[in-house]
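> give me a model of this one.
(chains A and B)
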Amino acid sequence: MTEEQNPVEPLKREPKEIREIITRVLKLEGERLYQKQPHVNEDIIKIIKEEIR
Amino acid sequence: MKLLSIQLNNFRQFRGITPEIRFAVEKPRNVTVFFGTNGAGKTALLNAFTWTLYGTFTRGFILPETIVNKAAIREASPGVVVDAWVELKFEHNGSKHKLRKRKSVVRITDENELYSPRGEDEVTLFVAGDDGHWRAVTQGVADVIGRVLPVDLHTYFFFDGERIERIVQPNESEQADIENATKKLLGIEILERAEKHLNYAKQHFEKELREIGDPQTQELIDKITDSDNKLTANKNRALEIARNIEAFRNQKSETEARYRQLNEVKTIQQRRDDLTEDLQKRKASLELARQELATHLNGRAYQVFLGEAITAYKDMVETLRSKGELPAGIKRQFVEDLLEKQRCICNRSLSLTEAPDALRAVEDWKMKAGLADVEETAIRMSGEVKQIEQGVPEFWRLLDQYEVKRSSDRQEISRIELELDEISEKLRNSPKEEVALLEKKLIDLDGRINVLLGELADKKHENQHLESILNELNKNLDTFRVNEERQILAQRRRAATFEALARIRESCNLFEISFRLKLIQKIRELFGKISFKPFTPDFIDKYSLGLIESAGGASQRVPAGQGESQILSLCFIGAMIAIAREHHAQKERLPGPDSSSYPLVMDSPFGSLGPTYRRQVADHISILADQVVVLVTNTQWRGEVEQSLSERVGKAYLFKYFTPKEEFEKEVIDFRGHNYELISTSPNAFEYTEIVEV
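Take a look at the predicted model:
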């Protein structure tokens, strides 16, 4: 691991479906970051099911 | 976040409603200064910020439960409710916010008590709309504030200057706070949440796969679940151990503090404190020497083993020389040209039919000429070989030097430890019962801490092992052959979730590495500007800072004095702010705190600094943050600080302290050519403070 490696790089790496899962999960977490009970578990499972068919 | 104004009512020393105190906002006059004598309310104002925003108080704020002004309560009739409130206005991403916090008490007539609390503190937040009207935020006030300036970070932005040295030498729980703050700052928290929730999803798909899978799949999943559970239990236990260690260490410091109060053993404890400090320094120095030695060995030890290769190389070159093949003296291209022209430089023909002997003789030269490359390489390598040979004695010399240093450190460590043992023995056998008991308690605590440290190391080791097992099992599951379509799908979903999890963990690690790197670079940059000493700040532990002197090649840790520690702390804060600001400006970032501007509110920031450092800090204070509020006494202000800051002060206020005492020493502050009295006689029996703009 080099010191210059971009911390965001692992999140953007191929293949597309993994990248999509990460992007969508992070977006969801971001939207519910300040909620006390974000209830995201089921939504995340749904995202994975949609991306991997 | 830009602080716009604050207004107080019956808050501690401030009796009644103060005027609305507006803060200087824009550079270059972005400094607001408050002058006040000791006890006039500097720390109270600092805590008005932290209480209103976060419900917290700084360490130096005594009796935090008594917020409501005493005189106001005393003057109220029994049964009457007395309020204290703070109203803070700030701007965040272009919109104005008004935050108000109220504490109410009821006046009672009890012999011992003046009042009784009345309900919870009331917090209301309003945000100004585009039409300028205030709209109340009804839910999640703490969340909104968390987005403006996260609670874990607030101690860096609102701080007590007399205690800031602690920032650079944090204990374990303070290190954890810094880590949390960092996560908030960079938005890593979101990755951690995603990790947690994806883990849940992974378990969900495993369960699904287990239900539809064959017995082998089921067995594999059971193993994974089992190891997963063990790992989680271990991690929880490790956290618990760390908390217990922290608690025992606190008990230890309390016991030691008790020693310092006992007259009989005060001096012995002082000696023990000094020895313990020396011991820590020696241990740190030993560790540093170990690291340097490792670097030295990694970088140069190979040279020692090159003796045979060097001899072989020299022999080879010598043989070539003796055969006349070195130096080659003639270029291959030159010979090739002659052969092509079929004529030698002596004008003899080199044709195969006319002069076959001459041609062969010249062709032989072509072979020798080929060695010109070898010659060039030989010259270059001889230089390198010579350097290596000369480097060997230097390598041994430095190695000896490190060894001497390490052995002197080790000797000193055992000497100190011996003396500490003797002190402990003496105290344990003390005729005074309290002393003997305290010492036994200390020994007992040390024993417990050591046992826990051992267990912690074991758990960490065990976890590494479990993680590698899990990795293997997970790989097996991903490549396990399943036939049915439903199984294939469940397996793919699980594998994808697992991969997403791994990437998020990788990203978290990279964020931390790059953050630490950026942080130390910024700290060095700021320290270089402020300090005149030739030292470089560096991390000694995860987030604790030390100073390294690197004069004459070898670097050595130097003890940081109180002044340097304060400067380091300010640099740490400045670096945090700079990183937060830069992070905000980045296009590609995680959703973190939503601010590009940060205020710095500092109570007595120049407390124990010498004149040079006072000037340096004052000179650089406005580059540390976008907006600065300083609370100072007369002595802290006048001289260097005044000269450096005067031009940058946009707003200035006076804490006019009224004392019931008839005799007191006058204190006058000279600000921009006017003299202002800091202390006056109270018209009644109460002490209180008024805030006046100057």
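> how about residue B:540, nearest residue that isn't a chain neighbour?
Spatial nearest neighbour of residue B:540, excluding adjacent residues (C-beta to C-beta, 6 or more residues apart in numbering or on different chains): residue B:546 at 4.1 Å. Bear in mind the C-beta positions are built from the backbone N, C-alpha and C, glycine included.
> SS state for the most centrally placed residue in chain A?
Taking C-alpha atoms, centre = their mean, the centroid of chain A lies closest to residue A:22, which sits 2.3 Å from it. Here residue A:22 is recorded as helix under DSSP: H, G, I helix; E, B strand; the rest coil.
> and it, what does it touch?
A:11, B:194, B:500, B:503-504 (C-beta atoms under 8 Å, 6 or more residues apart in numbering or on different chains).
> and with 10 Å instead?
A:10-13, A:47, A:51, B:191, B:194, B:198, B:499-501, B:503-504, B:507 (C-beta atoms under 10 Å, 6 or more residues apart in numbering or on different chains).
> which residue does the stretch 201-350 of chain B have closest to chain A?
residue B:201 (5.0 Å; C-beta to the nearest C-beta).
> isn't that residue right up against residue B:493?
Yes. Look at residue B:201 against residue B:493 with C-beta atoms under 10 Å: they come within range, at 8.5 Å.
> tell me, what's touching these two both at once?
A:21, A:45, A:48-49.
> need those in a markdown table (columns: neighbour count).
A markdown table is the format used below for the shared contacts of residue B:201 and residue B:493 (neighbours: other C-beta atoms under 10 Å in any protein chain shown):
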| residue | neighbour count |
| --- | --- |
| A:21 | 25 |
| A:45 | 20 |
| A:48 | 24 |
| A:49 | 13 |
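> so which of these reach chain B?
Contacts with chain B within the shared contacts of residue B:201 and residue B:493, as defined by C-beta under 10 Å from any C-beta of the partner chain: A:21, A:45, A:48-49.
> mark which of those residues are part of helices, please.
A:21, A:45, A:48-49 (DSSP state H).
> just put those residues in JSON lines and tack on pLDDT.
Formatted as JSON lines, those follow (pLDDT from 0 to 100):
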{"residue": "A:21", "pLDDT": "93"}
{"residue": "A:45", "pLDDT": "91"}
{"residue": "A:48", "pLDDT": "93"}
{"residue": "A:49", "pLDDT": "91"}
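> please, which helix or strand holds the residue of the stretch 201-350 of chain B closest to chain A?
Here residue B:201 sits within helix B:188-212, counting by DSSP states H and E.
> what's the next helix-or-strand element following that helix packed up against?
Tracing the chain past helix B:188-212, the next element assigned as helix or strand by DSSP H and E is helix B:215-261. Applying 3 or more C-beta pairs under 10 Å, 6 or more residues apart in numbering or on different chains; DSSP states H and E, one finds that helix B:215-261 contacts helix B:172-186, helix B:188-212, helix B:266-300, helix B:433-479, helix B:485-530.
> in the shortest one, what's buried?
Burial within helix B:172-186, assessed by neighbour count using 16 or more other C-beta atoms under 10 Å in any protein chain shown, is assigned to B:176-186.
> need the three-state assignment for the most far-flung residue of chain B relative to its centre.
Computed with C-alpha atoms, centre = their mean, the residue of chain B farthest from its C-alpha average is residue B:354, at 85.9 Å. Under the three-state scheme (three-state DSSP), residue B:354 adopts coil.
> so where's chain A shaky on pLDDT?
For chain A, applying pLDDT under 70 flags the ranges A:1-4, A:33-38.
> where does the stretch 101-250 of chain B get nearest to chain A, residue-wise?
residue B:143 (3.7 Å).
> which helix or which strand is home to that residue?
Judged by DSSP H and E, residue B:143 forms part of helix B:141-148.
> that helix - what's its average pLDDT?
The pLDDT scores in helix B:141-148 average 80.
> for that helix, C-alpha coordinates in CSV please.
What follows is the C-alpha trace of helix B:141-148 in CSV, where atoms were taken according to Å, rounded to 0.1, in the frame of the first residue of the first chain:
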residue,chain,number,x,y,z
VAL,B,141,-31.6,19.9,16.8
ALA,B,142,-28.5,18.0,17.9
ASP,B,143,-28.3,16.4,14.4
VAL,B,144,-28.3,19.8,12.8
ILE,B,145,-25.6,21.1,15.1
GLY,B,146,-23.7,17.8,14.5
ARG,B,147,-23.6,18.6,10.8
VAL,B,148,-22.4,22.1,11.4
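> buried ones in it, by neighbour count?
B:144-148.
> and if you look at stretch B:575-582?
B:575-580.
> touching, residue B:491 and residue B:480? I think so.
Yes. The criterion here is C-beta under 10 Å, and residue B:491 meets it with residue B:480 at 7.2 Å.
> overlap in contacts of these two?
With C-beta under 10 Å, 6+ apart, residue B:491 and residue B:480 have common neighbours B:209, B:213, B:217.
> pLDDT value on the first one, please?
The model reports residue B:209 with a pLDDT of 84.
> burial check on it, number of neighbours?
Using other C-beta atoms under 10 Å in any protein chain shown, residue B:209 is surrounded by 24 other residues.
> show me which residues of the stretch 51-200 of chain B are close to chain A?
Of all the residues in the stretch 51-200 of chain B, those lying near chain A are B:139-140, B:142-144, B:146-147, B:186-200, going by C-beta under 10 Å from any C-beta.
> buried subset of those residues?
Buried among these (16+ other C-beta under 10 Å): B:144, B:146-147, B:186-191, B:193-195, B:197-199.
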